[in-house]
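> Got a predicted structure here, sequence first:
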Amino acid sequence: MYRYSRYHERMLFLIDGYNVTMNDPATRDLSKEGQREALLARLAARGRALLGTGGLVVVFDARDQLGVSSETRGAVSARYAPDADTEIVRRASRATGAVAVVTNDMRLRARISQDVSRKVEYRDASVVFEAAGRGEARRDRRPRIAREEGLPSGANEITEELKRLWGVEE
């Protein structure tokens, strides 16, 4: 018999737009419009690979002067609100499935924990940075095997210390 689990729920990813772009070395020096464009293009192209399956909603602070309240780019929805944090809290409260908020803003996280009567996961903003998922050192996706990687520096000293603590003799 199939048993439903939280793992199979569709995740809603609420992304704190300017919190991500202002912390990303690739976008922080761009204009606000440039930051928005870069993040939306990146998430439209690689959002699922960076975050996983689910709805992607990026919330930016007001864009009233441009007369736009929302737009969609592929699987990514962008929302513009007078206060992005308030909009993220509102959407997290009203969501029916699993929710993850992508932000480094600790005040927003505290506000969600206080105001939202459900469990919300948090993801560090760096998971959607331009450099995310593009590690230069590892281009292959096969799992690392300890015997191929070697011991980390200081491993022998740690082993000797543990032997002394546990009273193990060779």
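On my side now, so go ahead. Please read all numbers here as calculations on a predicted model, not as lab measurements.

> Kindly list the longest helix within this protein.
The residue-count maximum for a helix in the chain (DSSP state H) belongs to helix 32-51.

> Next, the buried residues of the helix or strand following that one.
Going down the chain from helix 32-51, the next helix or strand is strand 54-61, by DSSP states H and E. Buried residues in strand 54-61, defined by neighbour count with 16 or more other C-beta atoms under 10 Å: 54, 56, 57, 58, 59, 60, 61. Placement of C-beta: from N, CA and C, glycine included.

> what do you get for stretch 108-121?
Those would be 108, 111, 112, 116, 120, for stretch 108-121 by 16+ other C-beta under 10 Å.

> What is the end-to-end distance of that stretch?
Terminal residues of stretch 108-121 lie 13 Å apart, using C-alpha to C-alpha, to the nearest Å.

> Show me the contact partners of that stretch.
16, 19, 85, 88-89, 92-93, 95, 98-101, 103, 122 (C-beta atoms under 8 Å, 6 or more residues apart in numbering).

> Quick one: low-confidence residue ranges for this protein.
Across the chain, the ranges flagged by pLDDT under 70 are 1-9, 63-68, 133-152, 170.

> now do 90
For the chain, the stretches with pLDDT under 90 are 1-10, 53, 62-75, 96, 116-118, 130-170.

> separation between the nearest residue to residue 69 once chain neighbours are set aside and residue 62?
Nearest residue to residue 69 in three dimensions, chain neighbours excluded: residue 80, at 5.4 Å (C-beta to C-beta, 6 or more residues apart in numbering). Separation of residue 80 from residue 62 (C-beta to C-beta, to the nearest Å) stands at 6 Å.

> ok, now residue 113?
According to C-beta to C-beta, residue 113 stands 25 Å off from residue 62.

> Repeat that for residue 27.
Residue 27 is 19 Å from residue 62, where distance means C-beta to C-beta.

> Neighbour count: those two, which is higher?
Using other C-beta atoms under 10 Å, the more surrounded residue of residue 27 and residue 62 is residue 27, with 21 against 13.

> Excluding chain neighbours, what is closest to the more buried one?
Once flanking residues are discounted, residue 27 sits nearest to residue 21: 4.4 Å by C-beta to C-beta, 6+ apart.

> can you list the buried residues of strand 54-61 in a markdown table and add distance to residue 41?
Formatted as a markdown table, the buried residues of strand 54-61 follow (distance: C-beta to C-beta, whole Å):
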| residue | distance to residue 41 |
| --- | --- |
| 54 | 19 |
| 56 | 13 |
| 57 | 16 |
| 58 | 11 |
| 59 | 17 |
| 60 | 14 |
| 61 | 19 |
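
> Most widely separated two among those?
Across the buried residues of strand 54-61, the longest distance by C-beta to C-beta is 23.2 Å; it joins 54 and 61.

> Fine by me, thanks again.
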